[in-house]
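Asker: Just the structure for this:
(chains A and B)
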There are 2 protein chains.
Amino acid sequence: MDDRALLATVRSVIGDGAVEDDCAVVSCGDRCLVLTTDMLHETTDFPRDMTDWQRGWMAAAVSLSDIASMGAEPVVLLLAAGLDDPARLAGITRGAADCCARHGGRLAGGDIDRHDELTLVSTALGWCDPRHLVRRRGARPGDLVCVTGVPGRAEAGLLGHGCHRLALLEPQPRVAEGRRLGLAGISAMMDLSDGLALSLYDLAAVNGVGFAISGDALPRPGGVPEPGATALALYGGGDFELLFCCPPSVYPVPGVACTVIGTVTAEPGRVTIDGAAIERRGYEHRW
Amino acid sequence: MDDRALLATVRSVIGDGAVEDDCAVVSCGDRCLVLTTDMLHETTDFPRDMTDWQRGWMAAAVSLSDIASMGAEPVVLLLAAGLDDPARLAGITRGAADCCARHGGRLAGGDIDRHDELTLVSTALGWCDPRHLVRRRGARPGDLVCVTGVPGRAEAGLLGHGCHRLALLEPQPRVAEGRRLGLAGISAMMDLSDGLALSLYDLAAVNGVGFAISGDALPRPGGVPEPGATALALYGGGDFELLFCCPPSVYPVPGVACTVIGTVTAEPGRVTIDGAAIERRGYEHRW
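Answerer: Got it, this is the predicted structure:
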């Protein structure tokens, strides 16, 4: 069983549409509120040599990235910390607060608990003008498909490529980019945390479309020999980049550094690179 | 070190006022948003013979109780589940959804993770008219101090008193009561989860007041011999009742079953029952 199979369990209780996007969406007067929560554990989610400051930073970044992927502005972040050692709280809290200071939102509280294994759960609330909210659903054949930054860098860092180490340890959620993309009127967006390939398949499924990726266009982590670099770009997890689709008329979006990596096609569920199917794999918990 | 000492660490990073109330508060147009998150673990927070449905219910109830304690209306709940066994997700999700269906809010998503020990983190977003928001701060000497329900029932249930078992396993957050109290214009409120005594001390500290509790007035769990019943009412944890203060002119509040247990005094930090100091203890994690 994988995460996506488990999501079917949740859907059967709370309804299909509820778990489609990176955030839950609520209408509040003339604004949309977006809300997301993410759980991270010491052994499965944090590289071993991270500092506690970096763990706190990453916990905040994960949720801010979800807010970014809706085109919204982060407002408040809460951090629930299950601590094996209370002395770790100061560094963790400071890291989360610093990530908010850099990218948006205000660390405003949370919960503290004892735990054998460090467990951090961040929750972020954001908002935006409903006209600029971006969902996963909305991509149409003929749209461009684009990605910010270079997918695969976090996993390259994990594999020991020193120049990508900071991408792994101190990920920068694309909050400013997300808001600019929302304002520009892109058609669909999500963040990349499980890897580009899985994200493309998820986006294809929601939209009933396919993706034709161009191998020449795909950015790859520098300093990694082929075919490793392409594999990392497609299947590496842990990046906090944005994957989005937009009509050609919307591209380029001022102030957003990104790469057009292909086009949206009318072939539902078919995700290819240079015409060959991309494997449907990436970062998933196994059960 | 205890939870309250650890909170000082958080305050030193994010500011004093930020962690005073049961929820973070954000102004949004003509509404107040309130946001809370709570972490629960299998071994420390869930009685052993609970069903998974009850665990999900309790996880939702904890956060809905925080929303209630601000006088707000629950809107959305998210549940992050660290699962030792994926088969548990269905019951847990159903329990959380049912608690929302009963008390308010909509279970709208969350996160799923693997974990050696079941860990549930619920996050609730609520809102209310800013005129009816209730905070911990606001109690004044001469106010009545009141409690909904009977404090100590959850711990009585934990100790094997069968008639209180359901209070322990299926706590009912006082959402409807909280809203009515907010509308009525009470002066201060919090929920009771760490026990009445600790809650009184917390409320006294925030307000720079004291409390004179009347032993005759204090509701106690039925079927428990004295002095055990009084000790449970004062020091037992796990209840989801509301503790609030209000000017005498506001009492009683229509539709809210509660008991006046004493008065707010001008003696900062002095919390007594029939003139004798109440011990400053209750449910706290030890570190």
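
Asker: Check the burial of A:Thr263 by counting its neighbours.
Answerer: 18 (other Cβ atoms under 10 Å in any protein chain shown). To be clear about C-beta, it is placed using only N, CA and C from the backbone, and glycine gets the same treatment.

Asker: So what sits opposite it in the bridge?
Answerer: With beta bridges defined as DSSP bridges, A:Thr263 has these partners: A:Leu144, A:Ala212.

Asker: Surely it and A:Leu144 touch.
Answerer: Yes - A:Thr263 is within contact range of A:Leu144, at 6.1 Å (criterion: Cβ atoms under 8 Å).

Asker: Residues of the stretch 51-200 of chain A that sit close to chain B?
Answerer: Neighbours of chain B within the stretch 51-200 of chain A, by Cβ under 8 Å from any Cβ of the partner chain: A:75-76, A:78-83, A:86, A:89-90, A:93-94, A:97, A:106-117, A:119, A:121, A:123, A:125, A:127.

Asker: Chain neighbours aside, what residue packs nearest to the residue in the stretch 51-200 of chain A positioned nearest to chain B?
Answerer: When scored by Cβ to the nearest Cβ, the stretch 51-200 of chain A has A:Ala108 as its residue closest to chain B, at 3.7 Å. Distances taken as Cβ to Cβ, 6 or more residues apart in numbering or on different chains place B:Ala24 nearest to A:Ala108, at 3.7 Å, with adjacent residues excluded.

Asker: OK, contacts around the one you found?
Answerer: Shown in contact with B:Ala24 (Cβ atoms under 8 Å, 6 or more residues apart in numbering or on different chains): A:76, A:78, A:108-109, B:18, B:34-36.

Asker: Go again with 6 Å.
Answerer: B:Ala24 is in contact with A:76, A:108-109, B:35, counting by Cβ atoms under 6 Å, 6 or more residues apart in numbering or on different chains.

Asker: For the nearest residue to A:Glu42 once chain neighbours are set aside, grab the count of nearby residues.
Answerer: For A:Glu42, ignoring the flanking residues on the chain, the nearest one in space by Cβ to Cβ, 6+ apart is A:Leu118 at 4.1 Å. A:Leu118 has 20 neighbours, counted by other Cβ under 10 Å.

Asker: before we move on, what about A:Arg114?
Answerer: Using other Cβ under 10 Å, A:Arg114 has 18 neighbouring residues.

Asker: ok, it to B:His115 distance?
Answerer: Per Cβ to Cβ, to the nearest Å, A:Arg114 is found 15 Å from B:His115.

Asker: what do you get for A:Leu133?
Answerer: 32 Å.

Asker: And A:Val34, by the same measure?
Answerer: 26 Å.

Asker: mind listing the helices for the stretch 101-250 of chain A?
Answerer: Ranges of helices in the stretch 101-250 of chain A, per DSSP state H, counting those that start in this stretch, are A:153-158, A:165-169, A:175-184, A:196-207, A:228-235.

Asker: could you dump the ones you listed to CSV with mean pLDDT and mean neighbour count?
Answerer: Output for the helices of the stretch 101-250 of chain A, formatted as CSV (pLDDT from 0 to 100; neighbours: other Cβ atoms under 10 Å in any protein chain shown):
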stretch, mean pLDDT, mean neighbour count
helix A:153-158, 95, 26
helix A:165-169, 94, 19
helix A:175-184, 98, 22
helix A:196-207, 96, 22
helix A:228-235, 96, 21
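
Asker: so which of those comes closest to B:Gly152?
Answerer: helix A:175-184 (46.5 Å; Cβ to Cβ).

Asker: what separates A:Pro252 from A:Ala184, distance-wise?
Answerer: For A:Pro252 relative to A:Ala184 (Cβ to Cβ), the value is 9 Å.

Asker: Which positions in stretch A:247-260 come out as buried?
Answerer: Using 16 or more other Cβ atoms under 10 Å in any protein chain shown as the test for burial, stretch A:247-260 gives A:250, A:253, A:256, A:258.

Asker: what sits opposite the last one in the beta ladder?
Answerer: Beta-bridge pairing for A:Cys258 (DSSP bridges): A:Thr148.

Asker: Quick check, it in contact with A:Val150.
Answerer: No - the criterion here is Cβ atoms under 6 Å, and A:Cys258 misses it with A:Val150 at 10.5 Å.

Asker: List the contacts of A:Asp113.
Answerer: A:Asp113 makes contact with A:82, B:39, according to Cβ under 6 Å, 6+ apart.

Asker: try 10 Å this time
Answerer: A:Asp113 makes contact with A:80-83, A:119, A:121, B:3, B:38-41, B:44-45, B:119, B:121, B:285, according to Cβ atoms under 10 Å, 6 or more residues apart in numbering or on different chains.

Asker: Which residue comes closest to the spatially most central residue of chain A once chain neighbours are left out?
Answerer: Against the mean C-alpha coordinate of chain A, by Cα atoms, centre = their mean, the closest residue is A:Asp191 at 2.8 Å. Closest residue to A:Asp191 apart from its sequence neighbours, by Cβ to Cβ, 6+ apart: A:Ser69 at 4.2 Å.

Asker: Isn't A:Pro171 up against A:Glu155?
Answerer: No - taking contacts as Cβ atoms under 10 Å, A:Pro171 lies outside contact range of A:Glu155: 12.0 Å.

Asker: tell me, what's touching the two both at once?
Answerer: Contacts common to A:Pro171 and A:Glu155, judged by Cβ under 10 Å, 6+ apart, are A:238-239.

Asker: just the strands in the stretch 1-150 of chain A please.
Answerer: A:24-28, A:31-41, A:73-83, A:106-114, A:119-128, A:144-148 (DSSP state E, counting those that start in this stretch).
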